[in-house]
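Q: Structural data only, the sequence is not supplied:
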Ligand code: TYD
């Protein structure tokens, strides 16, 4: 491959993204392809500090707009420090969440709407994923897959919040159907992996 390729994974909490991300990393590594894995919020020293601040359950007074700016700040750092240089070097990037998470969680679920796109325009500086796997799961099932004791600040939100996240994602996918691939997260890990393999074969010829 002579040009980088940027893959993101999106979906509600507890949808099984990480299992597939691990498989994908292994798949690329076994083929000696230069793959860079990262996650949001985080992926840089500054981003990881921002991540702690955002997910800290003690920060109950955080305003939705503050939250949106914090995610975007971590992203701005990741884009410049990690993602753009990697793309330039021709690497494949696998990123656990990116801008679409902000549109779903802060835009749709927190109700900030278009302000999220505006804030993120500066953060992403034109860098959009080439391919996005969206894991779709009934919000009830998603929540039941995570142990209550380990909920972070976002996971502790009520059912209504998670329903809005799920609906938001569907809208985003509809509006960006060229780069989105929808995955039914109730399928078995092997079935899901076969679908992902098919898409890679199609898009990257591997
Ligand atoms: P994380 O533990 O990484 O969740 P997951 O393992 O499900 O990816 O926590 C990230 C949380 O932050 C998750 O609840 C989604 C939320 N989030 C946003 O609300 N906006 C964003 O822009 C991003 C990147 C994540």
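A: Okay, I see it. These figures come from a predicted structure and were not determined experimentally.
Q: hey, let's count contacts and neighbours off CA atoms from now on
A: Will do.
Q: Roughly how far does the residue nearest the centre of the chain sit from residue 179?
A: Residue closest to the mean C-alpha point of the chain, counted by CA atoms, centre = their mean, is residue 97 at 1.3 Å. Residue 97 is 14 Å from residue 179, where distance means CA to CA, to the nearest Å.
Q: who does the helix or strand of the chain with the lowest mean pLDDT touch, helix- and strand-wise?
A: Taking mean pLDDT, DSSP states H and E as the measure, the helix or strand of the chain with the lowest value is helix 139-144, at a mean of 76. Counting contacts by 3 or more CA pairs under 8 Å, 6 or more residues apart in numbering; DSSP states H and E, helix 139-144 is packed against helix 159-175.
Q: can you give me the strands in this structure?
A: Using DSSP state E, the strands of the chain run over 5-10, 35-39, 92-96, 131-136, 180-184.
Q: Mean pLDDT, mean neighbour count and distance to the ligand for the ones you listed - can I get that in JSON lines?
A: As requested, those are exported to JSON lines (pLDDT from 0 to 100; neighbours: other CA atoms under 10 Å; distance: least, CA to the nearest ligand atom, whole Å):
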{"stretch": "strand 5-10", "mean pLDDT": "98", "mean neighbour count": "22", "distance to the ligand": "8"}
{"stretch": "strand 35-39", "mean pLDDT": "96", "mean neighbour count": "19", "distance to the ligand": "7"}
{"stretch": "strand 92-96", "mean pLDDT": "97", "mean neighbour count": "23", "distance to the ligand": "6"}
{"stretch": "strand 131-136", "mean pLDDT": "98", "mean neighbour count": "22", "distance to the ligand": "11"}
{"stretch": "strand 180-184", "mean pLDDT": "98", "mean neighbour count": "18", "distance to the ligand": "15"}
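Q: Could you take those strands and lay them out as JSON lines, with extra columns for distance to residue 26?
A: Below are those laid out as JSON lines (distance: least, CA to CA, whole Å):
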{"stretch": "strand 5-10", "distance to residue 26": "15"}
{"stretch": "strand 35-39", "distance to residue 26": "9"}
{"stretch": "strand 92-96", "distance to residue 26": "11"}
{"stretch": "strand 131-136", "distance to residue 26": "17"}
{"stretch": "strand 180-184", "distance to residue 26": "20"}
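Q: Out of the ones you listed, which gets nearest to residue 173?
A: Nearest to residue 173, of all the strands of the chain, is strand 180-184, at 5.7 Å by CA to CA.
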